[in-house]
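**Student:** build me a model from this:
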Amino acid sequence: MLFIIQCVDKPGSQELRLKTRPEHIAYIHQQEDRVFLAGPTVTEDDSAMTGTVLIVNVADRAAAEALADGDPYFKAGLFASRTITPWRKITFNPNAG
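**Tutor:** Okay, the predicted model is just below:
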């Protein structure tokens, strides 16, 4: 089942994000068989990252939560909030991105 994991960074946390980013990227690559899409949310001018969005393909909500809990960003306390929402893919166009 597909789930969107959307996380919003705590204000003033850019230093923590940048410090933890290599571990986060490595973790996402380790999960590549379950990660459908991953990337940061950014400011309107694309000058700073503000959060994280993952779309994952896992068995159930518990597996989505476990994957999200294992993220080094989560473990470091980067996020002010996190939502996990079931999602259904209707179309996919990699050329649009």
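**Student:** surely Trp63 is in a strand?
**Tutor:** Small correction: residue 63 is Ala, not Trp. No - in this structure, Ala63 is helix, not part of a strand, as judged by DSSP: H, G, I helix; E, B strand; the rest coil.
**Student:** distance of it relative to Phe3?
**Tutor:** 9 Å (C-beta to C-beta, to the nearest Å). Any C-beta I mention is one placed from the backbone N, CA and C, and that applies to glycine too.
**Student:** cool, Asp33 as well?
**Tutor:** Computed with C-beta to C-beta, the distance linking Asp33 and Phe3 is 15 Å.
**Student:** of the two, give the one with the bigger neighbour count.
**Tutor:** Phe3 (23 against 6; other C-beta atoms under 10 Å).
**Student:** the more buried one against Thr83, yeah?
**Tutor:** No - no contact is recorded between Phe3 and Thr83 when judged using C-beta atoms under 8 Å, the distance being 9.8 Å.
**Student:** looking only at pLDDT, what's the mean for the longest helix along the chain?
**Tutor:** The residue-count maximum for a helix in the chain (DSSP state H) belongs to helix 14-30. On average, the pLDDT along helix 14-30 is 97.
**Student:** residues touching that helix, excluding its own?
**Tutor:** Surrounding helix 14-30, the residues in contact under the criterion C-beta atoms under 8 Å, 6 or more residues apart in numbering are 9, 35, 38, 48-49, 52, 54, 70-73, 76-78.
**Student:** so how far is the helix or strand following it off the chain centroid?
**Tutor:** Elements were assigned by DSSP states H and E; along the chain past helix 14-30, the next helix or strand is strand 35-42. Relative to its chain's centre, strand 35-42 lies at 5 Å (C-alpha atoms, centre = their mean, to the nearest Å).
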